[in-house]
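*Asks:* The amino acid sequence is not available; the structure is as follows:
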């Protein structure tokens, strides 16, 4: 016994202090990776010294004598602050995530390598004009200068993720920059999902009216009737092959990358503002990440005559562009247009030769290339990448496709993002020089993907809009028009060229002195070209119009209030319709019904009603549709107000409310009563029985997830950034949840990734905010310092006046040739 006691005492007084010392050493070592506020280094290729002044918010003000020098410094700063984020993005674009994360990302790598995304990026980089390529190469030199630097005397040079995963970055190339931008197109590509859903619905035997009930067009659109897809595509009948849901789950990591986005932007002419000059607002809605997608920066080129050229706004780490922001004369903001630039084609395999597929003139051989994917901790995965005349053949398990298709067919994909002559970055490099709205509109001809609705304003008082991008032209005989997969053997469904740049949507100084877009239909019936039939529902745009279009004497503050608006106009229509169907029933919770009847449809985080309604909507959607959609239900499950109004309406395509799995006939009132009970039980399970403690913010918080440590406990507590959040899927201050996430179905995983407000009477008064903070290093005080400001609809200014931004500065770096 005495020996045991002595042994325990030895452990207490020897091993525990040693462990504590080891922890302190490791902590200090990792914390040493935080970028010092002040420093000096040399970068090959600089023509003159460059200064990087970090202001009190850690926003860098980069000043040099040439654009190339400034871009080199931006590359260096991006690498200092966000190299892990940049490297994960680059590895995703290369289809090499499995080298970092193991077998969980194999399906994602297979998809990206199947597309040949990196090869397309390499071709795009090679197609750039020499002057543009020189700017990209200058940015790359800055990144590599940090990678090649010696690091601190004590501490890690790289952020903790590199150390924990024992991964060290390779040198960057121009193709890495281009693939970073192309991944934004992948992120914003939603049409492919709607095509697959319509294929699934057709395979389930649904007719056109039933499919329209599930994916209705926006009001004013009149798409042609869909042909019978089962007959046209030769879809099998009978039972769906088992395992479709499991197949889709393999692509969970890809779904994180291809998360749906949305955005708001508007510009108000001087006739409606207090200053007599335009005000421009922009808030792109994307998946919330830690660190934020965006990095704020001020870039300045000092001219030989003493004048300066400035760019201010959000940059994308991995690219030398101020994507959203302003120069000295012009401000701009983007939203995703949502144009249909993807088509899936069903290809028939030659029964006599599986290496051939049917084309209009006969059978052709698949193009083939052997691909190998290295997997951390496991064996290399190999597969044959096949391509047809339309594009790459999609992996058979992608979105569960092969569970719905005939055995003798495969699906290929045409997509503008795969264009090898994509010079989109060249359009962004011109942003320094635009002096007017007209310059901007005429300067986007190189822009290919993703199509964006861009609002613009200049200091002379002009406002405008243009939606540049490469948009396919489809044959008038093509009745599918991009809404569903098409027969690859019929030339009618092939693309017939692209809309000329001069004929893309644009507007200039409209009579009502205001322009706005919000992902819904943005052209009228007179526009001669087809863009898409899968516009977002129009609720956010209608709310913008109600608040902006008839208002005068507007200021930055009044527009800030609009950006933070949390009125759900969609629920103002749907809630009364649902309440009416349960009115007078004795099997519903009357307290909840009373609360919802008195609700003003404001989704404030302190209120109970938004939680009640969103939970009710979630379970109502499930009870109404799960029996009809089967394995296709999870990929469809989200709040869909326009569709639900059809299901609950007078003449739906089928009786959606009746549960086909039970012998009884259920009414919509029956289903809504049951789903309200489901919702209340679910909330009680999560928050307890005391309803006084139920509020929207308790479960609806902004969840900025770190990649990959959001999946690793307890590191997730350290690396994720969470803050209370108001709003919802249909509010201007957006906070969209993921209904399929059984653990946290109400937390906001998509939201306003950045908010910018620009005052063209004094651009230095413009405001900016992104979701987390400037640093990507969790040990930095600037890792999450923006989060609370963002949550409260607050913002910062970024002045180009040196006397202003040096007030309270954090430090200055000097880069020498």
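*Replies:* Great, that's in hand. Being a predicted model, the structure only gives us computed values, none of them experimental. Numbering: from 1, shown residues only.
*Asks:* Assumed residue 311 was part of a helix.
*Replies:* No: when the secondary structure is assigned by DSSP: H, G, I helix; E, B strand; the rest coil, residue 311 falls in strand instead of a helix.
*Asks:* Enumerate every residue touching it.
*Replies:* 298-300, 322, 325-327, 431-432 (C-beta atoms under 8 Å, 6 or more residues apart in numbering). Backbone N, C-alpha and C define where each C-beta goes, glycine included.
*Asks:* In the sheet, which residues pair with it? Tell me.
*Replies:* According to DSSP bridges, the residues that bridge with residue 311 are residue 299.
*Asks:* Same question for residue 369.
*Replies:* Bridge pairing for residue 369 (DSSP bridges) gives the partners residue 385.
*Asks:* Just give the number of residues close to it.
*Replies:* Residues contacting residue 369 under the criterion other C-beta atoms under 10 Å number 12.
*Asks:* Repeat that for residue 815.
*Replies:* The burial metric for residue 815, expressed as a neighbour count using other C-beta under 10 Å, is 24.
*Asks:* what's across from it in the sheet?
*Replies:* residue 41, residue 50.
*Asks:* was I right about it contacting residue 49?
*Replies:* Yes: under the contact definition of C-beta atoms under 8 Å, residue 815 touches residue 49, with a separation of 6.5 Å.
*Asks:* Columns neighbour count and pLDDT on top of the contacts of residue 311, output as a markdown table?
*Replies:* Conversion of the contacts of residue 311 to a markdown table gives the following (neighbours: other C-beta atoms under 10 Å; pLDDT from 0 to 100):
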| residue | neighbour count | pLDDT |
| --- | --- | --- |
| 298 | 21 | 98 |
| 299 | 28 | 98 |
| 300 | 20 | 98 |
| 322 | 24 | 98 |
| 325 | 29 | 98 |
| 326 | 29 | 98 |
| 327 | 23 | 98 |
| 431 | 20 | 97 |
| 432 | 17 | 96 |
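*Asks:* Output these in CSV; the columns should cover distance to residue 175.
*Replies:* Formatted as CSV, the contacts of residue 311 follow (distance: C-beta to C-beta, whole Å):
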residue, distance to residue 175
298, 28
299, 23
300, 28
322, 22
325, 26
326, 29
327, 28
431, 22
432, 23
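*Asks:* and which of those residues is nearest residue 591?
*Replies:* Compare each of these with residue 591 using C-beta to C-beta and the shortest gap goes to residue 325, at 48.7 Å.
*Asks:* Could you report the neighbour count for residue 543?
*Replies:* For residue 543, the number of neighbouring residues by other C-beta under 10 Å comes to 21.
*Asks:* name the element it belongs to?
*Replies:* With elements taken from DSSP states H and E, the one containing residue 543 is helix 539-544.
*Asks:* Mind giving me the packing neighbours of that helix?
*Replies:* If contacts are counted by 3 or more C-beta pairs under 8 Å, 6 or more residues apart in numbering; DSSP states H and E, helix 539-544 sits against strand 262-268, strand 514-517, helix 569-582.
*Asks:* Quick one: mean pLDDT over whichever helix or strand comes after that helix.
*Replies:* Once helix 539-544 ends, the next helix or strand along the chain (criterion: DSSP H and E) is helix 556-563. Per-residue pLDDT over helix 556-563 has a mean of 98.
*Asks:* Same check on stretch 191-200?
*Replies:* 94.
*Asks:* Going along the chain, name the strands of the stretch 551-700 of the chain.
*Replies:* Per DSSP state E, counting those that start in this stretch, the stretch 551-700 of the chain carries no strands over any range.
*Asks:* give me the low-pLDDT residue ranges for it?
*Replies:* Across the stretch 551-700 of the chain, no stretch falls below the confidence threshold (pLDDT under 70).
*Asks:* All the helices of it, in order from the start?
*Replies:* According to DSSP state H, counting those that start in this stretch, the stretch 551-700 of the chain carries its helices in the segments 556-563, 569-582, 590-597, 609-629, 633-636, 641-647, 668-687, 696-699.
*Asks:* count of residues packed around residue 421?
*Replies:* When neighbours are counted by other C-beta under 10 Å, residue 421 registers 13.
*Asks:* Not counting sequence-adjacent ones, nearest residue to it?
*Replies:* Of all residues beyond its chain neighbours, the one nearest residue 421 is residue 127 (5.0 Å), with distances taken as C-beta to C-beta, 6 or more residues apart in numbering.
*Asks:* what residues are up against that neighbour?
*Replies:* 420-423.
*Asks:* Buried among these? Need that as a selection in PyMOL.
*Replies:* Selecting just the buried residues from the contacts of residue 127 in PyMOL takes one command, with 16 or more other C-beta atoms under 10 Å as the test:
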select buried, resi 422+423
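*Asks:* In helices, which of the contacts of residue 127 fall?
*Replies:* Helix and strand membership here follows DSSP state H; of the contacts of residue 127, not one is in helices.
*Asks:* Going by distance to residue 278, which of the contacts of residue 127 wins?
*Replies:* The closest of the contacts of residue 127 to residue 278 turns out to be residue 423 (C-beta to C-beta; 29.4 Å).
*Asks:* Please name the spatially closest residue to the closest one (chain neighbours excluded).
*Replies:* Leaving out its chain neighbours, the residue that sits closest to residue 423 by C-beta to C-beta, 6+ apart is residue 446, at 4.2 Å.
*Asks:* Under a three-state scheme, what state does that neighbour occupy?
*Replies:* Under three-state DSSP, the three-state class of residue 446 is coil.
*Asks:* quick one: low-confidence ranges for this protein?
*Replies:* 1-26, 258-261.
*Asks:* Quick check: the gap between the residue nearest the centre of the chain and residue 293.
*Replies:* In the chain, the centroid-proximal residue (C-alpha atoms, centre = their mean) is residue 286; its distance is 3.5 Å. Using C-beta to C-beta, to the nearest Å, one gets 6 Å for the distance from residue 286 to residue 293.
*Asks:* Overlap of the contact sets of these two?
*Replies:* Residues touching both residue 286 and residue 293 by C-beta under 8 Å, 6+ apart: residue 753.
*Asks:* returning to what we had before: could the helices of the stretch 551-700 of the chain go into JSON lines alongside distance to residue 353 and mean neighbour count?
*Replies:* JSON lines is the format used below for the helices of the stretch 551-700 of the chain (distance: least, C-beta to C-beta, whole Å; neighbours: other C-beta atoms under 10 Å):
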{"stretch": "helix 556-563", "distance to residue 353": "58", "mean neighbour count": "18"}
{"stretch": "helix 569-582", "distance to residue 353": "52", "mean neighbour count": "19"}
{"stretch": "helix 590-597", "distance to residue 353": "62", "mean neighbour count": "15"}
{"stretch": "helix 609-629", "distance to residue 353": "37", "mean neighbour count": "22"}
{"stretch": "helix 633-636", "distance to residue 353": "34", "mean neighbour count": "18"}
{"stretch": "helix 641-647", "distance to residue 353": "43", "mean neighbour count": "19"}
{"stretch": "helix 668-687", "distance to residue 353": "51", "mean neighbour count": "19"}
{"stretch": "helix 696-699", "distance to residue 353": "56", "mean neighbour count": "21"}
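*Asks:* As TSV, those helices with distance to residue 246 would be great.
*Replies:* As requested, those are arranged in TSV below (distance: least, C-beta to C-beta, whole Å):
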stretch	distance to residue 246
helix 556-563	41
helix 569-582	33
helix 590-597	36
helix 609-629	16
helix 633-636	11
helix 641-647	26
helix 668-687	25
helix 696-699	28
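*Asks:* Show me the one of the ones you listed that comes nearest residue 187.
*Replies:* Judged by C-beta to C-beta, the one of the helices of the stretch 551-700 of the chain that comes nearest to residue 187 is helix 633-636, at 17.6 Å.
*Asks:* Show me what the closest one is in contact with.
*Replies:* Applying C-beta under 8 Å, 6+ apart, the contact partners of helix 633-636 are 193, 196-197, 200, 214, 245, 248, 399-400, 622, 625-626, 629, 740.
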